[in-house]
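**Q** Structure for this input, please:
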Amino acid sequence: MKVIYENQVKASGVAVEEFKEAGMFIIFGDNAPEEIKDYCYSVSVNPINGTIAAGQYVVVDGEEYKITCVGYEAPITLAGLGHCTFNFSGATEAELPGTIYVEAKPMPEVKIGSTIKIIEK
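**A** Sure thing, here's the model as predicted:
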């Protein structure tokens, strides 16, 4: 198993639950703009070790979700700003460029202290 990306949730915006019904959550580094900070989980800006691609897995607190497609901006904003949207729709074509799409499964319970990884098996 190769770890492509790893991070830990440091804080939770007051409105993060609003995206749960839409089947997604957002992470952002410490420099998140004020107007969206309330909707994001706060993380450190960590490097990506490799390429993020369909067929890999997003792992949240040990629960695996197979990546179905990756928006072209997602790796750039994740590495540079700690910013990425994770969408649990199972889409195979990226509608939003800053989003990583994973298989349609119930979303994990993301909380302060949760670990988020992207792995290649």
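**Q** quick one: the closest residue to Y57 other than its chain neighbours from H83, how far?
**A** Take Y57 and drop its neighbours on the chain: the residue closest to it by CB to CB, 6 or more residues apart in numbering is E64, 4.7 Å away. No exception for glycine: its C-beta is placed from N, CA and C like everyone else's. Per CB to CB, to the nearest Å, E64 is found 22 Å from H83.
**Q** same thing with G13?
**A** Distance from G13 to H83, counting by CB to CB: 13 Å.
**Q** Between the two, point out the one with more neighbours.
**A** For the pair G13 and H83, the greater number of neighbours falls to H83 (23 against 18), based on other CB atoms under 10 Å.
**Q** quick one: the helices in the chain?
**A** If DSSP state H is used as the criterion, the helices of the chain fall at 34-37, 74-81.
**Q** So what touches the first one?
**A** This means helix 34-37. By CB atoms under 8 Å, 6 or more residues apart in numbering, the surrounding residues in contact with helix 34-37 are 13, 26, 28.
**Q** Go through that helix and flag the buried ones.
**A** Of all the residues in helix 34-37, those buried under the rule 16 or more other CB atoms under 10 Å are K37.
**Q** Nothing else from me, thank you.
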